[in-house]
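> Structure for the following, please:
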Amino acid sequence: MGTHWFTEAKAHKFDSLASDRCWCCNMDIAETTDHIFQCPSRDPIHSQFNTKYIELTQEKELPYDILELFEVGLDIALFTPLQFSYDEASMDATDIMADDQVTEILNNDMIQANRWDANLQQTGLGWTRIFMGYFTTGWPTLSSTRGKS
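Purely as a prediction, here's the structure:
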């Protein structure tokens, strides 16, 4: 899988005559990878991929607490003003820590302690990068704990 998507913004870097604007939503916003994840004109495609994501997680029988962490991470990535990733200094930033889902998950006693390291690593790497095939190395080590959650 490639690490970059060919967006209008990327095309504009190579050809200044090409528009960098998203042609799907006509909101006069540059079509970046991050915009693609939130573009309202792509909701049918987002819904289609959401269905595939659900099917994949069911097929892989991921433990409930890992699914919870994924759900919150992806929701933050997709439904808030996008921030590519959070470094350690901004992990405690009020914008992410004030999110109701984050508060709820931080107080969830059902999440095993060993899951938090992978969650923090993915947050630092960036949740939207999952869509480009980038998962933190912490997740595969948890696969051996399936059924023990």
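> helix/strand/coil for the residue in the chain sticking out farthest from the centre?
Distance from the centre of the chain peaks at Leu17, with 31.8 Å (CA atoms, centre = their mean). For Leu17, the assignment made with DSSP: H, G, I helix; E, B strand; the rest coil gives coil.
> For it, give its distance to Asp43.
For Leu17, the distance to Asp43 (CB to CB, to the nearest Å) stands at 30 Å. C-beta here means a position set from N, CA and C on the backbone, and glycine is covered the same way.
> same check, this time on Phe6
Counting by CB to CB - Phe6 and Asp43 are separated by 22 Å.
> Which of the helices and strands in the chain ranks last by mean pLDDT?
Across the helices and strands of the chain, mean pLDDT, DSSP states H and E gives its lowest value to helix 94-97, namely a mean of 56.
> can you pull the buried residues of the helix or strand just after that helix?
Towards the C-terminus, the helix or strand next in line after helix 94-97, according to DSSP states H and E, is helix 100-106. For helix 100-106, burial by neighbour count (16 or more other CB atoms under 10 Å) applies to 102, 105.
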